[in-house]
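Asker: Everything below, folded, please.
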Amino acid sequence: MTDTIEYGHLMHRALRGLIQEVLQDVAENGLPGEHHFFITFDTLHPDVRIADWLSDRYPEEMTIVMQNWFEDLDVTDEGFSITLNFGDNPERLHVPYDAILTFVDPSVEFGLRFETQDDDDDHDEASATPDGAAPADADARDLVEQLHEAKDADVVSLDSFRKT
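Answerer: Residues are numbered from 1 along each chain as shown. Take a look at the predicted model:
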């Protein structure tokens, strides 16, 4: 038994369980409404399984988007596997929960970021807002803001420049 309660480790485990529960629901029922996910993970994690060409292209971390097209989402206690399309090239990936660095659902401005401390104990910490309703970190918040700006951008129709 340790002399302290490891809150960071407990929070880390609980938030990864939240991701597992969300992904399990998506595997069973599909993505509801406008929900979609940006999941960044450590490609160097020993249990990550991705194609060699993806590993070469993303030697440290990779962000995947679960939105319009994905297949065969399989969720387990250790991680998830999914087939995604990379430029008309379907690829199967396996991502353990411990490899996830960020999980963002911009449709509801929700985000989690997992950080690893560089200390002797080598414990993981997860950061989140107390109510869990807003992005947990500046990176997720920036991503959500960028997405909102893109949605709010003025779109100019080329039809107005055509000669009749």
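
Asker: Mind giving me the packing neighbours of the helix or strand containing Leu10?
Answerer: Here Leu10 is covered by helix 7-29, with elements defined by DSSP states H and E. Applying 3 or more CB pairs under 8 Å, 6 or more residues apart in numbering; DSSP states H and E, one finds that helix 7-29 makes contact with strand 71-75, strand 100-105, strand 110-116, strand 124-127. (Glycine included, C-beta is placed from N, CA and C.)

Asker: how close does Cys68 sit to Phe80?
Answerer: No, residue 68 isn't Cys; it's Asn. When distance is defined by CB to CB, to the nearest Å, Asn68 is 18 Å away from Phe80.

Asker: Tabulate the helices and strands packed on helix 7-29 in a markdown table, adding columns for mean pLDDT, mean neighbour count and distance to Leu93.
Answerer: As requested, the helices and strands packed on helix 7-29 are arranged in a markdown table below (pLDDT from 0 to 100; neighbours: other CB atoms under 10 Å; distance: least, CB to CB, whole Å):
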| stretch | mean pLDDT | mean neighbour count | distance to Leu93 |
| --- | --- | --- | --- |
| strand 71-75 | 95 | 15 | 10 |
| strand 100-105 | 94 | 22 | 12 |
| strand 110-116 | 85 | 21 | 18 |
| strand 124-127 | 40 | 17 | 21 |
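
Asker: Rebuild those as CSV, extending it with distance to Gly87.
Answerer: Formatted as CSV, the entries for the helices and strands packed on helix 7-29 read as follows, by distance: least, CB to CB, whole Å:
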stretch, distance to Gly87
strand 71-75, 16
strand 100-105, 23
strand 110-116, 27
strand 124-127, 33
